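Asker: Need the 3D shape of this:
(one chain, ligands or ions: 2)
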Amino acid sequence: MDDAGVVTAQRWDSDALFMDEWVAQGLHGNMSYFERNQAKRYDIRELVPDAKTVVVTLLTYEHSGHDYHRTLKSLLYQMRQRILEESDADEGDVFSADHQHVFCDSAPVLERRMAVAAGLGFIGRNHQLIHPRLGSRVHIGELVLQVDVQDAPHEQLMRPYALGCKDCRRCIEACPGQALGREEWDARRCVAYITHKCEICQTVCPYNEKLI
Ligand code: SF4
Ligand code: SF4
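Answerer: Residues are numbered from 1 along each chain as shown. Ligands and ions are numbered 1, 2, ... in the order given. Model prediction:
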């Protein structure tokens, strides 16, 4: 893992409002899965009923190899094992026996939202999670615990769009589809969404160039 943080399992009300509006405007394009599983997406306790804490982890593209799902899940299971070894708790008290509790881009989970709340970065004008040191080329994974973790943040930080971007607008100016520049990302204009062959908004970002 390249970094990790914890956040209290909760419903993300402000994100629910934001995403419902995004979908209502049709800005999600053909990604119809955004029209389903909203209850689960906005509250991980709908997926893991006894969830109390979410460990949010980041793995850079550089360290994730060809199959990032496999690499990241393997690391999450190693972390799971280590937590059990270093605590006296019974496995069933810490992790759900009945529900999936390791996630990596594999379920309706607000991964970037939880990463921000766990203190791992901010959402930039390119709508990516940006870690101050790792940049935005990171995969996000989660390990869900059934126990409270002391000092896990609970507050619903407002969507911190652009807080860390300062005056930079490089991604907006460079985006070939003009998909950026408003609060919502317009998937219908995103070349990556259409062709899977664009990440200009990450390439031009100074956090990825390590200039800031
Ligand atoms: S991936 Fe390309 S088209 Fe999509 S928002 Fe980024 S720069 Fe724009
Ligand atoms: S390119 Fe600039 S404006 Fe865009 S996400 Fe990076 S820092 Fe923010």
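Asker: how distant is stretch 46-63 from the center of its chain?
Answerer: Distance, stretch centre to chain centre, for stretch 46-63: 9 Å (Cα atoms, centre = their mean, to the nearest Å).
Asker: Which positions within it qualify as buried?
Answerer: Residues 47-48, 50-60, 63 are the ones in stretch 46-63 that count as buried (16 or more other Cβ atoms under 10 Å). Glycine gets a C-beta too; all of them are placed from N, C-alpha and C.
Asker: Can you measure across that stretch, start residue to end residue?
Answerer: Length of stretch 46-63, first residue to last, Cα to Cα, to the nearest Å: 31 Å.
Asker: again with stretch 24-36
Answerer: Using Cα to Cα, the two ends of stretch 24-36 sit 13 Å apart.
Asker: Please apply the same query to stretch 5-15.
Answerer: 20 Å.
Asker: Likewise for stretch 176-187?
Answerer: 13 Å.
Asker: That stretch near ligand 1 at all?
Answerer: Yes: using Cβ under 6 Å from any ligand atom, stretch 176-187 comes into contact with ligand 1 via 176, 177, 179, 180.
Asker: and that stretch with ligand 2, contact?
Answerer: No: Stretch 176-187 lies out of reach of ligand 2 by Cβ under 6 Å from any ligand atom, never closer than 7.5 Å.
Asker: which residues touch that stretch?
Answerer: 18, 21-22, 25, 27-29, 31, 125-127, 161, 171-172, 175, 188-191, 193-194, 198, 200-201 (Cβ atoms under 8 Å, 6 or more residues apart in numbering).
Asker: quick one: average pLDDT of that stretch?
Answerer: Across stretch 176-187, pLDDT averages out at 86.
Asker: try stretch 77-88
Answerer: Average pLDDT, stretch 77-88: 92.
Asker: For residue 92, report the pLDDT, please.
Answerer: Reported pLDDT for residue 92: 90.
Asker: Now do the same for it: helix, strand or coil?
Answerer: Of the three states, residue 92 takes helix under DSSP: H, G, I helix; E, B strand; the rest coil.
Asker: For the nearest residue to residue 191 once chain neighbours are set aside, pull up the helix or strand it's in.
Answerer: Nearest residue to residue 191, sequence neighbours excluded (Cβ to Cβ, 6 or more residues apart in numbering): residue 198, at 3.8 Å. Using DSSP states H and E, residue 198 maps to neither a helix nor a strand.
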